[in-house]
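Asks: Structure, please.
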Amino acid sequence: MRRYLLDTSPLAALLLARPAAVALITPWMERHEAATSILAYAEVVEYMKGRSDFSNRHAHLRTLLGEVYPYFLTLPYPGTLCRPAPQSQPPLRPWTHWRH
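Replies: Numbers count the residues shown, from 1 in each chain. Here you go, the predicted structure:
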């Protein structure tokens, strides 16, 4: 069962082998309890693109995804995050409470 959702900063710290991140996250990985979002993955990739060792870091990140499960956003109905504006909107009323 996935119990820990890693955001961008912990995932990047793990990838850069920061001791605190490795000590904290490695046990979760060993118990298959760590996950991340595809958005965090993309943000780490963008961060790593500025580094000279990008190809090695990217390969390491893809290897990490074998233990840190990547969640993808799936929506049951298209357009559930964004809905179109109503065709007719009520007129705006002036805000009189701000006037002195």
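Asks: pLDDT on the helix or strand hosting N56, on average?
Replies: Taking DSSP states H and E as the definition, N56 sits inside helix 54-64. Helix 54-64 comes out with an average pLDDT of 90.
Asks: I'd say F54 and Y47 touch.
Replies: No: if you go by Cβ atoms under 8 Å, F54 and Y47 don't touch, sitting 9.9 Å apart. C-beta here means a position set from N, CA and C on the backbone, and glycine is covered the same way.
Asks: residue ranges with poor pLDDT in this protein?
Replies: Applying pLDDT under 70 to the chain flags the ranges 73-100.
Asks: For it, which segments count as helices?
Replies: With helices called from DSSP state H, the chain shows them at 8-15, 19-30, 38-48, 54-64.
Asks: Spatially central, which residue of the chain would that be?
Replies: Nearest to the geometric centre of the chain sits A40, at 2.8 Å (Cα atoms, centre = their mean).
Asks: what about the residue nearest to it when sequence neighbours are not counted, how many residues close to it?
Replies: The shortest distance from A40 to any non-neighbouring residue, by Cβ to Cβ, 6 or more residues apart in numbering, is to T8 (4.6 Å). By other Cβ atoms under 10 Å, the residues close to T8 number 17.
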